[in-house]
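Trainee: Need the 3D shape of this:
(chains A, B, C and D)
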There are 2 protein chains.
Amino acid sequence: MSREIRRTMPLLSMSIVMQLTELSARQIRYYEEHHLIEPHRTEGNRRMFSLNDVDTLLEVKDYLEQGMNMAKIKKIFAKRKDPVATTEEQDLSDSELRQIMREEMRQAQRMQKSSIRRGDLSRFY
Amino acid sequence: MSREIRRTMPLLSMSIVMQLTELSARQIRYYEEHHLIEPHRTEGNRRMFSLNDVDTLLEVKDYLEQGMNMAKIKKIFAKRKDPVATTEEQDLSDSELRQIMREEMRQAQRMQKSSIRRGDLSRFY
DNA sequence: GCAACCATGTTAGGAAACCTTACATGGCCG
DNA sequence: CGGCCATGTAAGGTTTCCTAACATGGTTGC
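Mentor: Okay, the predicted model is just below:
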């Protein structure tokens, strides 16, 4: 039991995640459809997100803003999960890999400053 | 901007707080009525709680389980907020103060282990 | 240049979660 | 015993979220 709230705990409702990520509900559901996140469900079938889900969504948002498409983003996550098992279709080109590494550097930099995207939280105080 | 989610950020819905604290909605609203917490409201008038609110609720729950009544609990919080400004009615007896100090020791002990009450979170994994 | 697809917007209809208000109730204390 | 305190419960209404379906602007491939 860690001192902080577990990052995998499904605590957050749709509306809060929309605010935290500045994504639309449509976008969030679409990314779920593509299995980039898999939020829990309440008994009444409502999505409940964890802090990890929020992180993932912010990362997806970044990749898309950089011009990647869903297929590529999926490959990235697949590769991260299991760097060895690569089928031909899953494989990434050299330039793709370079792009990903560049993005992961930025991601890491961001994580040093905050678990949530910089500058986006003033509306909560 | 701290590394962790701000403890004052209103992130949590009623149902989640009910699970985290094992209090009923009625109880939570009653404690709010007595100004022990003051959750934010969405545009649609729904309560949104912070992690601090959850901590406070757990503390209130403890005090009540120890047999204190709301009046005494209110005094405790008032005193903590401003230890100097005490009117006669606000004042606490010696035995009350001893009871509070005992409870605050327990509280501190608990905080060392977890920000949420020990043993209550297995249902989230 | 057009067809097709991708990511997202929008709308509709329904269900779940939450709101306030009001009344009920069991336990405790003077 | 009477009354109050903390909580339960019910009713009726509103907000938030759900899925499903169709619409659309921007790219991409031919």
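Trainee: near DNA strand C, which residues of chain A?
Mentor: Selection of chain A residues close to DNA strand C by CB under 7 Å from any atom of the strand yields A:24, A:26-27, A:30-31, A:42-46, A:64, A:69-71. From N, CA and C alone the C-beta is placed, and that goes for glycine too.
Trainee: which two in those residues are spaced the farthest apart?
Mentor: A:43 and A:69 (35.5 Å; CB to CB).
Trainee: so where is chain A shaky, pLDDT-wise?
Mentor: For chain A, the stretches flagged by pLDDT under 70 are A:1-5, A:85-125.
Trainee: closest point of it to DNA strand C, which residue?
Mentor: Using CB to the nearest atom of the strand, the single residue of chain A nearest to DNA strand C is residue A:44, 1.9 Å away.
Trainee: quick one: buried residues of stretch A:20-34?
Mentor: Within stretch A:20-34, the residues that count as buried by 16 or more other CB atoms under 10 Å in any protein chain shown are A:20-21, A:23, A:27-28, A:31-32.
Trainee: Need these in TSV (columns: secondary structure).
Mentor: Compiled in TSV, the buried residues of stretch A:20-34 are given as follows (DSSP: H, G, I helix; E, B strand; the rest coil):
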residue	secondary structure
A:20	helix
A:21	helix
A:23	coil
A:27	helix
A:28	helix
A:31	helix
A:32	helix
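Trainee: if we take those, which one ends up nearest to residue A:77?
Mentor: Using CB to CB, the buried residues of stretch A:20-34 come closest to residue A:77 at residue A:31, 10.6 Å.
Trainee: Surely the closest one and residue A:58 touch.
Mentor: No: taking contacts as CB atoms under 8 Å, residue A:31 lies outside contact range of residue A:58: 11.2 Å.
Trainee: residue ranges for the strands of chain A, please.
Mentor: Ranges of strands in chain A, per DSSP state E, are A:40-41, A:47-48.
Trainee: Direction included, what does the first one pair up with?
Mentor: Sheet pairing of strand A:40-41 (DSSP bridges) gives strand A:47-48 (antiparallel).
Trainee: Okay, buried residues for stretch A:42-62 please.
Mentor: For stretch A:42-62, by 16+ other CB under 10 Å, it's A:47-51, A:53-62.
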